[in-house]
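Novice: have a look; sequence and predicted model below, questions after that.
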Amino acid sequence: MPSDKHNVIQFPANDETAAGEAGKEREDKAGAGNPNVARAVVAQGKVQAAAIIGKDIINEAIRLHGLLPLAAAALGRGLMGAVLLGLNLKDQDSLTLRIKGDGPLEGLLAQARPGGQVRGYVGNPGVELPKNAQDKLDVGGAVGHNGFLYVTKDMGLKEPYTGTSALVSGEIAEDLAAYFLHSEQTPSVVSLGVLIDVDGSCLAAGGFLIKALPGADDQTLAEMEHWLEVLPPVSALAMQLGDAVELLQALFPKEELQALTLETWNFSCDCSRQRMEKALISLGEQELKDILEEDGKSQLRCNFCNNTFDFSANDLADLLAEAKKRSRT
Ligand SMILES: [Zn+2]
């Protein structure tokens, strides 16, 4: 069940460039496990390219959220998209990709954080639709053709920046294309593909984000588009190759890859009991009192990873005392 999209997108013109690092090689910057993201500068420093193998990330998402194939394909594309957009995150940053469409998926959210952490969820993990006209999982139909895509960059210090654009097809890569088209002037190409096996697991998944660096000429850009048009779907490539560097090499000859960097990204959530306690305390004295009197307990669930946290009457009484203390100070 392949679901692929190749698209031309615009990318932030002033995005940080790795061109100055051409010639150097760095490795394993983030995360634990085998590297699943590779990026490099190509075309004599005119183009920055990144590739991701998303299978393990998506299988973890399927396991945690109980995603059926259509939701797995949609969230898989979203998670890989968030990683590819979030490759330049610093210590306190995060990048959140949010898609709100009018389809039965009921929205999608994917968030990339430094250290190779990505997490996300969809509104309806059990969404099912007939295959689309290309006999593929109908991600566009699930997301919906009408709605908005939001990209929020939280740099830790100032107010988070959010950019938005209207959905084009709900196929996610196309919608990212439209988002960049509306925000910046640097042409890029993005492709996201997820292949779901008959048993509902992710068989293969891959993605590309290729962006022109300042100084790229029209010929280079035309070549970029051409390469992606003649390539097989990225999910088929990912299944065949299984390695992010090889994925890059399917597009660019090995000798062209400069400043090659490998990273490991995992589906990972940093929710904790402590954070949930803070959330409960922030409800305030009255609300906590109501929960304690009406339910005598509380269970909070993390949207990102489905982990649950139980609070007994005693726990709630402690939190209520804490909330009272805070309201006096
Ligand atoms: Zn969590």
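Specialist: Structure's in. What do you need?
Novice: from now on I want contacts and neighbour counts done on CA atoms only, so please keep to that.
Specialist: Fine.
Novice: hang on, isn't residue 281 packed against residue 324?
Specialist: No. Contact status for residue 281 versus residue 324: not in contact, 9.1 Å apart, counting by C-alpha atoms under 8 Å.
Novice: quick one: which of these two has more around it?
Specialist: For residue 281 versus residue 324, the count of surrounding residues by other C-alpha atoms under 10 Å is larger for residue 281: 21 against 15.
Novice: chain neighbours aside, what residue packs nearest to that one?
Specialist: residue 323 (5.4 Å; C-alpha to C-alpha, 6 or more residues apart in numbering).
Novice: so where do the strands sit in the stretch 201-329 of the chain?
Specialist: With DSSP state E, counting those that start in this stretch applied, the stretch 201-329 of the chain shows strands at 202-212, 258-263, 266-267, 298-301, 308-311, listed in chain order.
Novice: could you say which of these is packed most deeply?
Specialist: Each of these was scored by mean neighbour count; the highest is strand 202-212, a mean of 28, by mean count of other C-alpha atoms under 10 Å.
Novice: got the contact list for that one?
Specialist: Taking contacts as C-alpha atoms under 8 Å, 6 or more residues apart in numbering, the residues outside strand 202-212 that touch it are 10-11, 46-55, 58-59, 72, 76, 80-81, 84, 186-197, 221, 224, 234-239, 242.
Novice: so which of those residues are in strands?
Specialist: When strands are assigned by DSSP state E, the members of the contacts of strand 202-212 inside them are 10-11, 47-53, 186-196.
Novice: isn't residue 84 right up against residue 50?
Specialist: Yes. At 7.0 Å, residue 84 counts as touching residue 50 under the criterion of C-alpha under 8 Å.
Novice: got the residues of the chain near the ion?
Specialist: Contact residues, the chain versus the ion (C-alpha under 5 Å from the ion): 269, 271, 302, 304, 305.
Novice: quick check: closest non-adjacent residue to the second one.
Specialist: Pointing back at residue 271 there. Using C-alpha to C-alpha, 6+ apart, the nearest residue to residue 271 is residue 302, at 7.0 Å.
Novice: where does the stretch 201-329 of the chain have low pLDDT?
Specialist: 329 (pLDDT under 70).
Novice: what's near enough to touch residue 168?
Specialist: Going by C-alpha under 8 Å, 6+ apart, residue 168 touches 145, 146, 174, 175, 178.
Novice: hmm, the fourth one is touching residue 149, no?
Specialist: Just to be clear, that refers to residue 175. Yes. In this structure, residue 175 sits in contact with residue 149. The criterion is C-alpha under 8 Å, and the distance is 7.1 Å.
Novice: between the two, which contacts overlap?
Specialist: By the contact definition C-alpha under 8 Å, 6+ apart, residue 175 and residue 149 are jointly contacted by 166, 167.
Novice: separation between residue 204 and residue 237?
Specialist: Here residue 204 is placed at a distance of 9 Å from residue 237 (C-alpha to C-alpha, to the nearest Å).
Novice: right, and residue 268 touches residue 118 too?
Specialist: Yes. Between residue 268 and residue 118 there is a contact at 5.8 Å, judged by C-alpha under 8 Å.
Novice: what residues do the two have in common as contacts?
Specialist: With the criterion set as C-alpha under 8 Å, 6+ apart, the contacts of residue 268 and residue 118 do not overlap.
Novice: who has more neighbours out of the two?
Specialist: Counted by other C-alpha under 10 Å, residue 268 and residue 118 do not tie: residue 118 has more neighbours, with 25 against 20.
Novice: and the helix or strand harbouring the more buried one, which strands flank it?
Specialist: Secondary structure from DSSP states H and E places residue 118 in strand 117-122. When sheet partners are counted by DSSP bridges, strand 117-122 sits next to strand 108-113 (antiparallel), strand 266-267 (parallel).
Novice: and residue 129, how many neighbours?
Specialist: Residue 129 has 12 nearby residues by other C-alpha under 10 Å.
Novice: from residue 75, how far out is the nearest residue to residue 33 once chain neighbours are set aside?
Specialist: With sequence-adjacent residues excluded and distances taken as C-alpha to C-alpha, 6+ apart, residue 33 is closest to residue 264, at 6.3 Å. Residue 264 sits at a distance of 19 Å from residue 75 (criterion: C-alpha to C-alpha).
Novice: list the contacts of the closest residue to residue 282 other than its chain neighbours.
Specialist: Nearest residue to residue 282, sequence neighbours excluded (C-alpha to C-alpha, 6+ apart): residue 323, at 7.4 Å. Shown in contact with residue 323 (C-alpha under 8 Å, 6+ apart): 281, 282, 284, 285.
Novice: helices along the protein, start to end?
Specialist: In the chain, helices defined by DSSP state H lie at 55-65, 69-85, 139-143, 173-183, 218-230, 234-241, 244-251, 273-282, 285-294, 313-328, listed in chain order.
Novice: give me whichever of the ones you listed is most buried.
Specialist: For these, where neighbours mean mean count of other C-alpha under 10 Å, the stretch averaging the most is helix 69-85, with a mean of 28.
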